[in-house]
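Q: show me the folded form of this:
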Amino acid sequence: MPNLPMVSVIIPVYNGAAHLRDTLDSLLAQEYPALEVIVVDDQSTDTSLDLARSYGDRLTVITQANQGVAGARNTGIKRATGKYLTFCDQDDLWSPGKTATQVSYLEAHPECAYVLSRMAFFLHPGVERPSWLKPSLLEGDYPGYHLGAMLARRELFKTEGALDAAHRYTDDVSWFFEAKDRGIPMRHLPEVVLFRRVHGGNNSAQVTSLHRELLAIAKRSIAHQRRAAAASPN
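A: Sure thing, here's the model as predicted:
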């Protein structure tokens, strides 16, 4: 097998034992073997840490004082050594071809800094659809504006910065807005690679706080665009 570029996968974990094994198994079942899987335990009080450690040297397990999901992701970014970088939440699943498809595209298109693929939602067995989740979101797949649907060149997180820990629920959205405002070249791929589990304990359930953060991000982006327009000679 030819030398494959290493991909670092960062999984922030906080009390995720209920679904973490399914998530880790989906990562380790990737058709792409050159994976560095980094679990960052954010001071869980359940059995998440023991579960992650049970995988032995198939994972790199880091522990830290509780810093929130963005802080855990940033810790993983600092430890990552791969040419490419991606993330997975503790309760989500990947398609087996996710990494191979995205690496293949970025290797063939050096002008592209990161790719996004498509994602779908699914209800955990026995869980009723929560009020915040529109029924239509369970009926198809959608552009994956989510870190779990992304693969990026690791150097991008050096030039553009890490995740903003000030955003407790929307650090990923904030990062994507920043990348868009700065004109970072990216592409959307058609494959569905991320399956987002809905189980009632998702951060997305924090609707009021999430909307507040989204509004602040949108306002910041609009202000950036206005400054850019005012500075343009045209």
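Q: give me the spatial nearest neighbour of the residue positioned nearest the centre of the chain, chain neighbours excluded.
A: The centroid of the chain falls nearest to L147 when counting by CA atoms, centre = their mean (2.4 Å). Closest residue to L147 apart from its sequence neighbours, by CB to CB, 6 or more residues apart in numbering: F87 at 4.0 Å. Backbone N, C-alpha and C define where each C-beta goes, glycine included.
Q: circling back to that earlier point, OK, contacts around the residue nearest to the centre of the chain?
A: R73, T86, F87, D172, W175 (CB atoms under 8 Å, 6 or more residues apart in numbering).
Q: so of those, which ones are in strands?
A: Judged by DSSP state E, strands contain the following of these: T86, F87.
Q: secondary structure class of I62, three-state.
A: When classified by DSSP: H, G, I helix; E, B strand; the rest coil, I62 comes out as strand.
Q: ok, back up a step: relative to L194, how far out is the residue nearest to the centre of the chain?
A: Look at L147 and L194: by CB to CB, to the nearest Å, they are 9 Å apart.
Q: what about the longest strand in the protein?
A: strand 186-198.
Q: could I get the average pLDDT for that one?
A: Per-residue pLDDT over strand 186-198 has a mean of 96.
Q: so which bits of that strand are buried?
A: Within strand 186-198, the residues that count as buried by 16 or more other CB atoms under 10 Å are M186, L189, E191, V192, V193, L194, F195, R196, R197, V198.
Q: nearest residue to the first one other than its sequence neighbours?
A: Okay, so that is M186. Nearest one to M186, counting by CB to CB, 6+ apart, is Y114 at 4.9 Å.
Q: neighbours of that neighbour, how many?
A: Y114 has 22 neighbours, counted by other CB atoms under 10 Å.
Q: what ranges do the strands span in this structure?
A: So, for the chain - with DSSP E - the strands run 7-13, 35-41, 60-63, 84-87, 93-94, 114-123, 142-143, 150-153, 186-198.
Q: each with direction, which strands does the fifth one pair with?
A: Strand 93-94 has the following sheet partners, assigned by DSSP bridges: strand 186-198 (antiparallel).
Q: low-confidence regions, this protein specifically.
A: 1-2, 159-161, 167-169, 200-234 (pLDDT under 70).
Q: can you give me the helices in the chain?
A: 17-28, 48-53, 68-79, 98-108, 156-159, 171-181, 207-231 (DSSP state H).
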